[in-house]
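> the following block contains a protein sequence and its predicted model.
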Amino acid sequence: MMEYFQAVEQRYSHKERFLPTPVPLNHLERIAKAGLAAPTGTNSQCVRLVLLPDRESVQTLCAAAPTAGMETAPAAVALLTDSSAQQAWHNFELEDYAAAAENILLAAVALGYASVWLDSPYFDEEKQQTALTILGAPEGFTLRVVLPIGLPDGEGSRRGKIPCEERMFYRKYGVSR
């Protein structure tokens, strides 16, 4: 398993195809547990995960919103949030699922896999409802993101990052070290 900062640096959004090599269930569970270890606002723990441990289960969800990654991924993790777990004064669902998703993405890379954050297909209400039905989600749940996981079929394209010096400042915005 790779070191944390190496995983952070190597993580990218894999938007291409995956190899058909299965992801062992113990790897998928370890990746998922990393997501559930993420911090949650007021300890609401509103994130629920549905593991899709094989190509057949991924293909079933892919019917709701096909993408290149979902069409070839050997496994995936669907992140849902339970709105009933929130405090009346503030809803932390977005922060909670984002923290869980990032932990999952990094854990996947640490174990040698690639993934991509797929949320936009489920912004469409019809696709959202179809996916929730496929996943068997209870009333009041929202599908936030699906993370296909597998070995990349090739290098995968990476987008460049704006240099840190242009995005990181000291004491005030715009002040370099």
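Great, that's in hand. Being a predicted model, the structure only gives us computed values, none of them experimental.
> quick one: contacts of the strand or helix carrying Phe5?
For Phe5, the host element (DSSP states H and E) is helix 4-10. With contacts defined as CB atoms under 8 Å, 6 or more residues apart in numbering, helix 4-10 is touched by Met2, Leu106, Ala107, Val109, Ala110. Placement of C-beta: from N, CA and C, glycine included.
> what about the nearest residue to Thr67 once chain neighbours are set aside, distance to Gly35?
Distances taken as CB to CB, 6 or more residues apart in numbering place Leu118 nearest to Thr67, at 6.0 Å, with adjacent residues excluded. In this view, Leu118 and Gly35 are 15 Å apart by CB to CB, to the nearest Å.
> again, but for Glu166
Taken as CB to CB, the span from Glu166 to Gly35 is 31 Å.
> out of the two, which sits in the busier spot?
Neighbour count, other CB atoms under 10 Å: between Glu166 and Gly35, Gly35 has more, with 23 against 9.
> list the buried residues for stretch 17-28?
For stretch 17-28, a neighbour-count test (16 or more other CB atoms under 10 Å) marks Arg17, Phe18, Val23, His27, Leu28 as buried.
> what does it contact?
51, 53-55, 68-69, 71-75, 77, 111, 113-114, 148-154.
> now do the biggest helix by length in the chain: which elements does it pack against?
Using DSSP state H, we find that the single longest helix of the chain is helix 93-110. Under the contact criterion of 3 or more CB pairs under 8 Å, 6 or more residues apart in numbering; DSSP states H and E, helix 93-110 touches helix 4-10, helix 25-36, strand 47-52, strand 75-82, strand 114-115, strand 141-150.
> list the buried residues in that helix.
Across helix 93-110, burial judged by 16+ other CB under 10 Å covers 93, 96-110.
> wait, which of the residues you listed is closest to Glu125?
When those are compared for distance to Glu125 (CB to CB), Glu93 wins out at 17.1 Å.
> pLDDT at the closest one, what is it?
Among the per-residue scores, Glu93 shows a pLDDT of 86.
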